[in-house]
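Trainee: Just to be clear, the model below is a prediction. Sequence and coordinates:
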Amino acid sequence: MEIFKDLPDITLHFSATVGIPVYSEDGQKLGGLVDFFIDYEEIYPSVLALQYKRSGVLFYVHWSEVLRFSYKKIIVKREAYSRRSRTFPKTLNTKTVTSILANQFAGPTVEYPPLGQIVLDKQIVDTHGKKVVRVNDIQFIRAGKDLRVTHAEVGLRSFVRRLSLERPIDLMIKAIKPGSKYLTNDTTINWKYVHAIPNRNVQKSVRLNLTNEDLRDLHPADIADILEDLDSHGREMIFSNLDPKLAAETLSEVDEELQASLLENENPEKAAEIIENMDTDDAADLLNELDEDKADAIISNIDDLEIQEEIQELLEHDEDTAGGLMTSEIFEVTADTSKAEVLKQIKQRYEEVASFYDIYVINEHKTLIGTLSLQELLIHNEDVQVKEMMNESDIKCLFVDTHWKEVAQFMNKYNMVTCPIVSRNYELLGMISVDDILDRLLS
Amino acid sequence: MKEIKKTILANPFWTKLVLMLSIIGPGLVTANLDNDAGGIATYSLAGAQTGYRFIWILFPVTVALILFQEMSARMGIVSGKGLADLIREKFGLKVTFYSLFFLLFADLGNTMAEFAGIASSGEIFGVSRFISVPICAILVWLIVLKSDYKGVERIFIVGCSVFLTYIVSGFLVNPDWNEISTAIANPNFHNITAKDFPIMVGLMGTSITPWMQFYLQAAVVEKGIPVKHLWHSKIDVIVGCTLTLIIAVFIMICCAATINKAGINISTASDAAVALQPLAGKYAGLLFGFGLFNASFFAAAILPLAASYYICEGMGWESGVDKNFKEAPHFFSIFTLMIVVGAAITLIPNINLFSILVYSQIIDGLLIPIVILFIIKLCNDPDIMGEYTNSPMQNFISYTLVAMMIFLNIPMLYFTFLGN
């Protein structure tokens, strides 16, 4: 028997199905349709079971036992097995589970929540349009014997439909402006771009196939915008699923106020990994915003001892002074290095060092004894030593406790792109580049 | 400098105080909005007509206000979502749409009442309404649009402090404090007559309004208060509501000690300010009028703001004063439209504002128990509140209060229609 015999449309809407009476084959009324259980692992999920309600109690019945599905009534097999439950136990052995997928699930069955409860009227991330939207309706399509989810609807038309005003408004618009776009188009999101955010309790008891693969391809700035638009729970959920590198990039893009709260919610190990992936000066600023205990816990979890030490040093300085602004990722050489050697070192270290415009020359006590600009270096022969090229008479540097405004004036006066920062006994500690100062000036 | 900062922060008391001050704001601002143009009118009339007899009612009303606002603030902090957001997620689009539709209508009426308050308080100082209303409308618009949340909140907190003028007025009229404390501590229930009913209901109805619940939650969310500061936010609500209570009490004292004793009949808040001048001295009257202006001005800013928040949340549009027009077009359009319409209607000559006010009050009265029921339901949902759901005691008191509100709303509606 054809299951959709009495269903004229190929597509149907969630809102139109709510309340359809569910009958047993022998004519006994079982209840009214409430929601659907779908296979969350599929790109266009098929309906696995129907949820219906009888005198306030929720039941589900497998799709395979549904004989007829139409707007008027749903008929299920006489001996259909229906169970009282709010969720649907999805057995995973019905499907070949790859080893990667298997890792995501704790046991052989997972409790699936109903579709409407996690998507309808909820905020979702539209990973194609890169924004957060609220879902008005869900669109299904008849595909053979199956019913599959294809779109989330977010437009005006679905909105009107939910208010049960579709027909009168349609008539009105047809009368006024028959060619109106409203009648034919509605804003929908293809299901493969729908990234749902289940609420707290659902998330605890169920694992959906919501890895962040779809989010991974987005630009960190877009992810940051999305995070800002979500509520705290959705934010944490998405952020904690990002890998440390992407999390670090995203963190640099979000609002300052949000940065701290996002990092605080991570465990110290993960937070430390994120911090390691950030620029040390940004990382220090961020750690400064956290509670001291929390920040200490994160710092002690940093694996890379060099980064750990740098951050600790940066943290000791006041935010408003040169020390708070500077980065300790600088390029320093000793006076007896040859040009060829310097160029070789640049090649090796270009990833970790912030800028090569100025090369700082230090002695064995790490004291700043000279500076060498990149252009100066380039015009000399390969075998010339740094000490012959460097400027040592008039070294422009600032003490670590200089206020940032003075730093700005000083760098402006001497047209400096970067400025070395030293301790009171001229030990080289770091440098400030003009864009660090610009950030401050503009905020 | 840094050393000083460190030592200050090392002292737990100062750390707590600094933290406290950074959390305080939403509750204080929201509670003070209770004393808007409508609120001041109600308190003035109550004081002028019944003297000190019904001051005591304000105390239980404040307890209810604290209870309801604490729930909204808690919900905002724990869920990070606005009230309309949560109503939509839990009760669906249809319920949300129709509740918000009527709420918007009521709030448009309330906004007109605030602009009318600006107009009449301006006239006390001899400023024509055709000057005061347009200027204030533009100012209100600029304040909210051209600054971020923190700036808006700061301006509002300064506005709150102006309410203290009522306390000064209260002392200037030199009331009989003995009589007042007896009336509060030992109210006489025997001399309550049917004629007093509208005043009693009015005092309760003006304090707890639907839009304040929406505004408070939206403000808490926009401020981004973390869950660990839940307790501070409770203090914020309690301090705000208590301050509101004190000011309301002083407004009633002001009018009771002078207008009531002299037996003068008044029908509006500006009448009260004018009547106060010969009775209690020019300054008491002028301060009273200035207080009315301040209250109307800030409520005229926050009412449209609250409306923009809840409409956008419910409909799924972007919202927030921190955004710009391009990011949140609906938000700023609704805000602008409410101010323009609210101010313009006040300026139409010979318009009967009274019937508009009556209808918006009726809608408010019908909606508030519904909104509070939504709030209680949401506050008991572990999906939303996690471990911070209501305690059984909170639920018991809240349901009792809602039952009382419904019970009291019936006579209120009856009297408003009868008075019409």
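Mentor: Right, received. Where do you want to start?

Trainee: wait, residue B:107 sits on residue B:306?
Mentor: Yes: assessed by Cβ atoms under 8 Å, residue B:107 is found in contact with residue B:306 at 7.1 Å. All C-beta spots, glycine's among them, are computed from the backbone N, C-alpha and C.

Trainee: Mind listing the shared neighbours of these two?
Mentor: Here residue B:107 and residue B:306 share the contacting residues residue B:211, scored by Cβ atoms under 8 Å, 6 or more residues apart in numbering or on different chains.

Trainee: Low-confidence regions, the stretch 301-443 of chain A specifically.
Mentor: A:443 (pLDDT under 70).

Trainee: how about the strands of it, start to end?
Mentor: A:332-334, A:358-362, A:368-373, A:398-399, A:418-422, A:428-433 (DSSP state E, counting those that start in this stretch).

Trainee: Just put those in a markdown table and tack on mean neighbour count and distance to residue B:283.
Mentor: Output for those, formatted as a markdown table (neighbours: other Cβ atoms under 10 Å in any protein chain shown; distance: least, Cβ to Cβ, whole Å):
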| stretch | mean neighbour count | distance to residue B:283 |
| --- | --- | --- |
| strand A:332-334 | 16 | 71 |
| strand A:358-362 | 22 | 68 |
| strand A:368-373 | 20 | 68 |
| strand A:398-399 | 18 | 57 |
| strand A:418-422 | 24 | 60 |
| strand A:428-433 | 25 | 57 |
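
Trainee: quick one: which of those is nearest residue B:411?
Mentor: strand A:428-433 (71.0 Å; Cβ to Cβ).

Trainee: Which strand runs longest in chain A?
Mentor: strand A:29-38 (DSSP state E).

Trainee: Does that strand reach chain B?
Mentor: No: Strand A:29-38 does not reach chain B (Cβ under 8 Å from any Cβ of the partner chain); its nearest approach is 12.3 Å.

Trainee: Can you give the contact residues for that strand?
Mentor: By Cβ under 8 Å, 6+ apart, strand A:29-38 touches A:14, A:17-24, A:45-55, A:58-61, A:74, A:76, A:82, A:88, A:90, A:112, A:114-117, A:147, A:149.

Trainee: Whichever of the residues you listed end up buried, select them in ChimeraX.
Mentor: Buried members of these, defined by 16 or more other Cβ atoms under 10 Å in any protein chain shown, are picked up in ChimeraX with:
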select /A:14,17,20,22,23,24,45,46,47,48,49,50,51,52,53,58,59,60,61,74,76,82,88,90,112,114,115,116,117,147,149
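
Trainee: Can you give me the buried ones in the longest strand of chain A?
Mentor: Buried residues in strand A:29-38, counting neighbours by 16+ other Cβ under 10 Å, are found at A:30-31, A:33-38.

Trainee: which secondary structure element contains the closest residue to residue B:252 other than its chain neighbours?
Mentor: Closest residue in space to residue B:252, ignoring its immediate chain neighbours: residue B:47 at 3.8 Å, by Cβ to Cβ, 6 or more residues apart in numbering or on different chains. Residue B:47 is located in helix B:37-50, with elements delineated by DSSP states H and E.

Trainee: Next SSE downstream of that helix?
Mentor: helix B:58-79.

Trainee: Is there proximity between that following helix and chain A?
Mentor: Yes: counting by Cβ under 8 Å from any Cβ, chain A is contacted by helix B:58-79 at residue B:79.

Trainee: quick one: is the next helix or strand after that helix near chain A?
Mentor: Per DSSP H and E, the first helix or strand lying C-terminal to helix B:58-79 is helix B:83-124. Yes: using Cβ under 8 Å from any Cβ, helix B:83-124 reaches chain A at B:85, B:88-89, B:92-94, B:97.

Trainee: quick one: helix B:83-124 to helix B:37-50, angle?
Mentor: Angle between the axes of helix B:83-124 and helix B:37-50 is 60 degrees (criterion: axes from the mean of the first three to the mean of the last three Cα atoms, to 10 degrees).

Trainee: what angle do helix B:83-124 and helix B:58-79 make?
Mentor: Counting by the same axes, to 10 degrees, helix B:83-124 lies at 140 degrees to helix B:58-79.

Trainee: Now the closest residue to chain A within the stretch 51-200 of chain B: phi and psi?
Mentor: With Cβ to the nearest Cβ, the shortest gap between the stretch 51-200 of chain B and chain A falls at residue B:80, namely 3.3 Å. The phi/psi pair for residue B:80 (degrees, to the nearest 10) reads phi 70, psi 20.

Trainee: Tell me which residues are up against the helix holding residue B:47.
Mentor: With Cβ under 8 Å, 6+ apart as the criterion, helix B:37-50 contacts B:35, B:54, B:110, B:113-114, B:116-118, B:196, B:199, B:202-203, B:206-207, B:248, B:251-256, B:259-260, B:264-269, B:271-272, B:275, B:291-292, B:295-296, B:299, B:357, B:361.

Trainee: Tell me the gap between the longest strand of chain A and the middle of its chain.
Mentor: Distance, stretch centre to chain centre, for strand A:29-38: 34 Å (Cα atoms, centre = their mean, to the nearest Å).

Trainee: same question for that strand, mean pLDDT?
Mentor: Mean per-residue pLDDT for strand A:29-38: 88.

Trainee: do the same with stretch B:284-293
Mentor: 80.

Trainee: With only the CA atoms kept, save it in PDB.
Mentor: Extracted in PDB, the C-alpha atoms of stretch B:284-293 (Å, rounded to 0.1, in the frame of the first residue of the first chain):
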ATOM      1  CA  ALA B 284       8.900  72.000  47.100                       C
ATOM      2  CA  GLY B 285       6.600  72.500  44.200                       C
ATOM      3  CA  LEU B 286       9.300  73.100  41.700                       C
ATOM      4  CA  LEU B 287      11.300  70.100  42.900                       C
ATOM      5  CA  PHE B 288       8.200  68.000  42.500                       C
ATOM      6  CA  GLY B 289       7.700  69.300  39.000                       C
ATOM      7  CA  PHE B 290      11.300  68.700  38.100                       C
ATOM      8  CA  GLY B 291      11.000  65.100  39.400                       C
ATOM      9  CA  LEU B 292       8.000  64.600  37.200                       C
ATOM     10  CA  PHE B 293       9.900  65.800  34.200                       C
END
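
Trainee: List the residues that contact residue 71.
Mentor: Reading this off chain A. Applying Cβ under 8 Å, 6+ apart, one finds that residue A:71 lies in contact with A:7, A:16-17, A:20.

Trainee: Oops, wrong one, chain B.
Mentor: If you count contacts by Cβ under 8 Å, 6+ apart, residue B:71 has them with B:375-376, B:379, B:390, B:394, B:398.

Trainee: Next to chain B, which bits of the stretch 201-350 of chain A? Give me the list.
Mentor: Counting by Cβ under 8 Å from any Cβ, the stretch 201-350 of chain A sits next to chain B at A:201-202, A:229, A:231-233, A:235, A:257-258, A:261, A:264, A:318.

Trainee: repeat that with 10 Å
Mentor: A:201-202, A:204, A:225, A:228-236, A:255, A:257-258, A:260-261, A:264-265, A:291-292, A:316-321, A:324 (Cβ under 10 Å from any Cβ of the partner chain).

Trainee: Give me the phi and psi for whichever residue of the stretch 251-400 of chain B sits closest to chain A.
Mentor: In the stretch 251-400 of chain B, the residue found nearest to chain A is residue B:316; the distance is 2.9 Å by Cβ to the nearest Cβ. Dihedral angles of residue B:316 (phi, psi; degrees, to the nearest 10) stand at phi 80, psi 30.
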